[in-house]
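Novice: how would this look folded up:
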Amino acid sequence: MSDDQTVISRARLVPVKGILLADHVAEGFEAVSAFRPLPSDILIAAYPKSGSTWTQEIVDLLLHDGDAEICRRAPINERTVLLEATTVVRRQSGLDQLKKMDPPRVIKTHLPLQMVPAGFWDNKCKMIYIARNAKDTIVSLYYYQKMNTFSPEPGPWDSFIHKFMHGELGWGYWHDHVKGFWEEREKRNIHYIFYEDMKENPRREVERLAKYLDLSLSDDVISRIVELTTFKNMKDNPMANQSSVPKEIYNQSISKFMRKGEVADWKNHFTPEQAAEFDEDYEKKMKQVDMPFRTQL
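Specialist: Predicted coordinates:
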């Protein structure tokens, strides 16, 4: 694919219910909104580049008693389906994929809370939300949009920071996204995970996830799952690292889908001036909520 074709194929952002979505996602949103999940469906929600792929792999292993071979049966995006995926970037839409899957189905979404199909709440589906500190999220998202030729053009780093701060990227403001699920977590039985907690003590978080999913697994199985889902092992696992996505879509010569997986990589990207401006904006948007985000460990 030539550079010209790549530029032409990049998504445009259009507003849907006040939230900017990629045009191909917006076109299918009405059908996604009407989706009726099964009570046994499990939803993993996250703002993009917050650790949802990591969480998907852990959940798949938990559901299959830590059996690594079963969890290599297909690439991650076929084992757990992105609800709003479209045929523009996949062979079939997320909704079509789900019709062919046996329960319990694990579903992923980047939609903010107010756009999650009502059926998930009506059927009291298990719901997991993974949140990552804003600074590391924006760095990871920047590299992702550079390598993902169907995402909107990220532009230069400095302007990308401002787009993030002003809610001009897809899926709405990061701040509203993480707050929306946080504030409803108890009322709606949402299992809320912080990326930094997963990095600090993965065993504790895997055990918490197992308990939430009503699974009783041996210590050995938990240990195996923790080991199988280290960043290095997932990066080397072709069924987890998205290497099966055609290079016309994910150009991993620009940046790997699984790039670093670190906490505090933002320090290698933000200038002191950018960090100060970002922190001031962050304080304004997050002052009404007490969320234990950490930008370093």
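Novice: And the pLDDT for the residue nearest to the spatial centre of the chain?
Specialist: The chain has S52 as the residue nearest its centroid, 3.7 Å off, counting by C-alpha atoms, centre = their mean. At S52, the predicted lDDT confidence score is 94.
Novice: burial measure for the nearest residue to it once chain neighbours are set aside, as a count.
Specialist: Nearest non-adjacent residue to S52, counting by C-beta to C-beta, 6 or more residues apart in numbering: A46, 4.0 Å away. C-betas here are computed from N, CA, C, even on glycine. Using other C-beta atoms under 10 Å, A46 is surrounded by 27 other residues.
Novice: Tell me the spacing between A46 and T109.
Specialist: 8 Å (C-beta to C-beta, to the nearest Å).
Novice: Then Q274?
Specialist: In terms of C-beta to C-beta, Q274 sits 30 Å off from T109.
Novice: now swap in L62 and tell me
Specialist: 19 Å.
Novice: for E69, same thing?
Specialist: Applying C-beta to C-beta, the value for E69 to T109 is 28 Å.
Novice: between those two, who's got more neighbours?
Specialist: T109 (24 against 7).
Novice: pLDDT at N233, what is it?
Specialist: 86.
Novice: Check Q92 too.
Specialist: Looking at Q92, the pLDDT reads 83.
Novice: repeat for K126
Specialist: For K126, pLDDT reads 98.
Novice: Surely it is in contact with P39?
Specialist: No - judged on C-beta atoms under 8 Å, K126 makes no contact with P39 at a distance of 9.3 Å.
Novice: Looking at the two, which is more packed in?
Specialist: K126 (20 against 13).
Novice: what's the more buried one in contact with, if anything?
Specialist: When contacts are counted by C-beta atoms under 8 Å, 6 or more residues apart in numbering, K126 touches D41, I42, L43, N189, H191, Y212, L213.
Novice: Same check on G51?
Specialist: I130, R132, I193, Y195, M198.
Novice: what's the answer for W171, then?
Specialist: I19, L20, L21, Y47, P48, H110, L111, P112, H177.
Novice: what kind of secondary structure is it in?
Specialist: Here W171 is coil, with the state taken from DSSP: H, G, I helix; E, B strand; the rest coil.
Novice: ditto for A74
Specialist: Strictly by three-state DSSP, A74 counts as coil.
Novice: Okay, now the unreliable bits of the chain?
Specialist: 1-8, 89, 241-244, 246, 254-255, 257-258 (pLDDT under 70).
Novice: Which ones among the contacts of K126 lie within helices?
Specialist: Y212 (DSSP state H).
Novice: Quick one: the contacts of K126 as TSV, columns for distance to N237 and neighbour count too.
Specialist: Shown next, in TSV, are the contacts of K126 (distance: C-beta to C-beta, whole Å; neighbours: other C-beta atoms under 10 Å):
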residue	distance to N237	neighbour count
D41	25	22
I42	21	25
L43	23	21
N189	31	13
H191	24	18
Y212	24	18
L213	22	16
